[in-house]
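Q: Sequence first, predicted model second:
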Amino acid sequence: MIRFLTAGESHGKSLTTIVEGFPSNLKITADYINHQLKRRQAGYGRGLRMKIESDSAEILSGIRFGKTLGTPISLLIKNNDWENWQSKMSIEEADEQIEKITIPRPGHADLVGVSKYNFDDIRNSIERSSARETAIRVAACSIARKFLEEFGVHIGSFVESIGGIYPKENFLEKLYTNRLSSSFNGKKLNSISDKSLVRVLDSDHEKKIINKIKLAKKKGDTLGGTFVVIATGVPVGLGSFVHYDRRLDAEIAHSIMSINAVKGVEIGAGFYSAENFGSAAHDEITISKNKFSRKTNRAGGIEGGISTGLPIIVRAAMKPIATLMSPIESVDLSTMNKVHSRRERSDFVAVPACAVIAESMLAWSIAKLFLEKFGGDSIEETKENFFNYTSKLFGRIRKNFKGS
């Protein structure tokens, strides 16, 4: 029911998106979207591009007097760096001779891009495959995030590790074992992690990671890491087991894996569960205050492709950025000789930013299946459908099975 399409190159004039399918009367402002864009740009270890760009979304259509119209929403983010790239990225044929890039970077889309699209200049691959595209994705998905907040669904994240440095306290285990306060939610998680330069939850952990990043800078190298994204307040019943492409966990895995440099995704305890007996891997069912719950949440809030009502927990791994200041071996496609791979302005680490982007993609996946279930042409109709379902769920199940 909802979809978005992005367009634009890393050093082109702008990035744009069209977002379609959200109900009318949802309150949304440019300030709300720009707050998420600012969070994406933060983090120790980012490159010079973040000093050039001050990402700000301009709303072009679909919103009037601060509310959605139910029509397509179009957004635009201007690239400030375009001023320095007008000749290199000219839409018309360039008047001057532009140097072609012929040396691909290992780990990037450079070589596979020219192979697939029959280019004679790697610049054509670099521009669209750049993580710069995720800025407009965050803008688009901020509408999904705002929509979910209307129903008490909050999404947050934190960085678990960078460069193999993990914290002493395993916060992830607290999530699995339901050892957090009942008032805890994704919004509160971000209020903690956003205070850290690398979005971790412990100051000692932060210091160790920053020292590792300083070492990477000195060596001209890059670092990857792992991060965790959670969604709290998700109702029971999103997704389905009836078809492979309607499963909530499959939808989420696809969204997170679509982010540049993400190479692994797990839901809940994931690979840890694979190493244990079933008795230590599954979540025992309980009843409390006329609601079903689980003693633990190793399933990460999803069973059989359907949300359980517990927090959705997603853990992902981001590889080190492919552009190195001390480059590794490659081939010059113009001579087919062995050379060092080329340098391109880049970050040293972008795991904190990747976590924020993953929040956005998780919001989109949940909103997509949320609207599939509850529908509604206006936010008022969606709320009516939602509250009718959630308020009667336990009683309906009890009635269905009474005396059976």
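A: Sure, I can see it.
Q: got a pLDDT number for residue 56?
A: Note for residue 56: predicted pLDDT of 94.
Q: The residue lying closest to it once chain neighbours are set aside and residue 265, how far apart?
A: Closest residue in space to residue 56, ignoring its immediate chain neighbours: residue 34 at 5.3 Å, by Cβ to Cβ, 6 or more residues apart in numbering. C-betas here are computed from N, CA, C, even on glycine. Here the criterion is Cβ to Cβ, to the nearest Å. By it, residue 34 lies 28 Å from residue 265.
Q: Could you do residue 329 as well?
A: Distance, residue 329 to residue 265, using Cβ to Cβ: 30 Å.
Q: List the residues that contact the closest residue to residue 59 other than its chain neighbours.
A: Excluding its sequence neighbours, the residue lying closest to residue 59 (Cβ to Cβ, 6+ apart) is residue 30, at 5.6 Å. Neighbour list for residue 30: 56, 57, 58, 59 [criterion: Cβ atoms under 8 Å, 6 or more residues apart in numbering].
Q: Mind putting those into CSV with secondary structure and neighbour count?
A: Formatted as CSV, the contacts of residue 30 follow (DSSP: H, G, I helix; E, B strand; the rest coil; neighbours: other Cβ atoms under 10 Å):
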residue, secondary structure, neighbour count
56, coil, 16
57, strand, 24
58, strand, 15
59, strand, 17
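Q: would you turn those into a markdown table with distance to residue 9?
A: Below are these laid out as a markdown table (distance: Cβ to Cβ, whole Å):
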| residue | distance to residue 9 |
| --- | --- |
| 56 | 18 |
| 57 | 17 |
| 58 | 18 |
| 59 | 22 |
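Q: now, which of those sits nearest residue 144?
A: For those, the closest approach to residue 144 (Cβ to Cβ) belongs to residue 57, at 14.2 Å.
Q: Report the beta-bridge partners for the closest one.
A: With DSSP bridges as the criterion, residue 57 is bridged to residue 77.
Q: Distance of it relative to residue 109?
A: 26 Å.
Q: can you check residue 249 too?
A: Noted for residue 249: a distance of 27 Å to residue 109, by Cβ to Cβ.
Q: My guess is the residue nearest to residue 56 contacts residue 59. True?
A: No. The criterion here is Cβ atoms under 8 Å, and residue 34 misses it with residue 59 at 10.5 Å.
Q: ok, the nearest residue to residue 36 once chain neighbours are set aside - contacts?
A: Setting aside the residues directly before and after it, residue 36 is nearest to residue 142 in space (Cβ to Cβ, 6+ apart), at 4.7 Å. If a contact means Cβ under 8 Å, 6+ apart, then residue 142 has 28, 32, 33, 36, 37, 360, 363 as its contacts.
Q: Same check on residue 325?
A: Each residue near residue 325 by Cβ under 8 Å, 6+ apart is listed here: 220, 221, 343.
Q: and the residue nearest to residue 36, which of the three is it?
A: Three-state call for residue 142 (DSSP: H, G, I helix; E, B strand; the rest coil): helix.
Q: Going forward, count from 549.
A: Yes, from this point I'll number from 549; that puts the last item at residue 690.
Q: distance of it from residue 696?
A: 11 Å.
Q: Equivalent analysis for residue 949, please.
A: Going from residue 949 to residue 696 by Cβ to Cβ gives 31 Å.
Q: ok, the two, which is more surrounded?
A: Taking other Cβ atoms under 10 Å, residue 949 and residue 696 do not tie; residue 696 has more neighbours (22 against 8).
Q: quick one, what contacts the more buried one?
A: Residue 696 neighbours (Cβ under 8 Å, 6+ apart): 702, 703, 779, 781, 911, 914, 915, 918.
Q: So which of those belong to helices?
A: Mapping the contacts of residue 696 onto helices (DSSP state H) picks out 911, 914, 915, 918.
Q: and those, which are buried?
A: 911, 914, 915, 918 (16 or more other Cβ atoms under 10 Å).
Q: As a markdown table, these with pLDDT and distance to residue 755 would be great.
A: Shown next, in a markdown table, are these (pLDDT from 0 to 100; distance: Cβ to Cβ, whole Å):
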| residue | pLDDT | distance to residue 755 |
| --- | --- | --- |
| 911 | 98 | 31 |
| 914 | 98 | 34 |
| 915 | 98 | 37 |
| 918 | 98 | 40 |
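Q: any idea which of those residues is closest to residue 567?
A: Nearest to residue 567 among those, counting by Cβ to Cβ, is residue 915 at 10.7 Å.
Q: related to what we said a few turns ago, ok, the residue nearest to residue 604 to residue 900 distance?
A: Distance of residue 582 to residue 900, computed by Cβ to Cβ: 18 Å.
Q: what's near enough to touch the nearest residue to residue 882 once chain neighbours are set aside?
A: Closest residue to residue 882 apart from its sequence neighbours, by Cβ to Cβ, 6+ apart: residue 650 at 4.2 Å. Contact analysis of residue 650 by Cβ under 8 Å, 6+ apart lists 669, 670, 880, 881, 882.
Q: mind listing which of these are in strands?
A: residue 880 (DSSP state E).
Q: Quick check on the residue nearest to residue 882: phi, psi?
A: Backbone torsions of residue 650, given as degrees, to the nearest 10, read phi -120, psi 0.
Q: Next, the contact list for the residue lying closest to residue 890 once chain neighbours are set aside, please.
A: By the measure of Cβ to Cβ, 6+ apart, the closest residue to residue 890 outside its immediate chain neighbours is residue 651, 4.3 Å from it. Neighbouring residues of residue 651 by Cβ under 8 Å, 6+ apart: 670, 878, 879, 880, 881, 887, 888, 889, 890.
Q: thought the second one was touching residue 654?
A: Yes. Contact criterion Cβ under 8 Å: residue 878 and residue 654 qualify, at 6.0 Å.
Q: The residue nearest the centre of the chain and residue 747, how far apart?
A: Centroid-nearest residue in the chain: residue 906, 1.5 Å away (criterion: Cα atoms, centre = their mean). Per Cβ to Cβ, residue 906 is found 11 Å from residue 747.
Q: Residue 739 falls within a strand, correct?
A: No. Read with three-state DSSP, residue 739 is helix and lies in no strand.
Q: which of residue 797 and residue 657 has more neighbours?
A: Per other Cβ under 10 Å, whichever of residue 797 and residue 657 has more neighbours is residue 797, with 24 against 18.
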